[in-house]
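Novice: sequence first, predicted model second:
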Amino acid sequence: MVVVKLIEIWVFLMILIVSLLSAFGGFYLKLGSKKFKLSFKILKNKFLIVGVLFNIISLGLYVYVLRFEELSTLFPFIALNYVWVSIISDYFLKEKISFIKSIGIVFIIIGVSLIGFS
C-alpha cells in the first residue's frame, strides 16, 4: 500500500510566500545594485534596504514553517525562486525568457511537484 502524505494547505501557502518574498528580494537587490557604492550612502539606497528586508522576512518565515514539515518536503519548493525570478525579470526588467529557460522552468515545476508532494 502506498501512502501519499500531502502537506497541509497553510504550510504550502506559507512556503510559496517564502519563495515569492525571496524572489522579490532579489528583484529589489538588482534595482539597488544600479546605484550601489560601498559607503555609508548605502543606507539611503531604498531598493537595497527593501531587498534585504524581503530576504530577512523570507528567511524568518521559512524557519518558522520548518517547525511543521520535514526539510526534505519543504526545501524543493525553494527551487520555485528561479521560476518567480524569471517571471518578475521578464515583466518588470524586460529580460527575455528563452525557449530553453522555459523548458527548464517546466522541469523545475515538475520536479518540485514530484518531490514536494511525495
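Specialist: Thanks, I have the structure now.

Novice: what is the neighbour count of L13?
Specialist: Residues lying near L13 (other C-beta atoms under 10 Å) number 12. (Each C-beta comes from the backbone N, C-alpha and C, glycine too.)

Novice: host element of it?
Specialist: L13 belongs to helix 9-33 when assigned by DSSP states H and E.

Novice: from the contact counts, what lies against that helix?
Specialist: helix 46-66, helix 80-92 (3 or more C-beta pairs under 8 Å, 6 or more residues apart in numbering; DSSP states H and E).

Novice: ok, A23 to L16 distance?
Specialist: Distance of A23 to L16, computed by C-beta to C-beta, to the nearest Å: 11 Å.

Novice: which of the three states applies to the nearest residue to I15 once chain neighbours are set aside?
Specialist: Closest residue to I15 in three dimensions, ignoring its sequence neighbours and counting by C-beta to C-beta, 6 or more residues apart in numbering: F77, at 4.5 Å. Look at F77: counting by DSSP: H, G, I helix; E, B strand; the rest coil, its state is helix.
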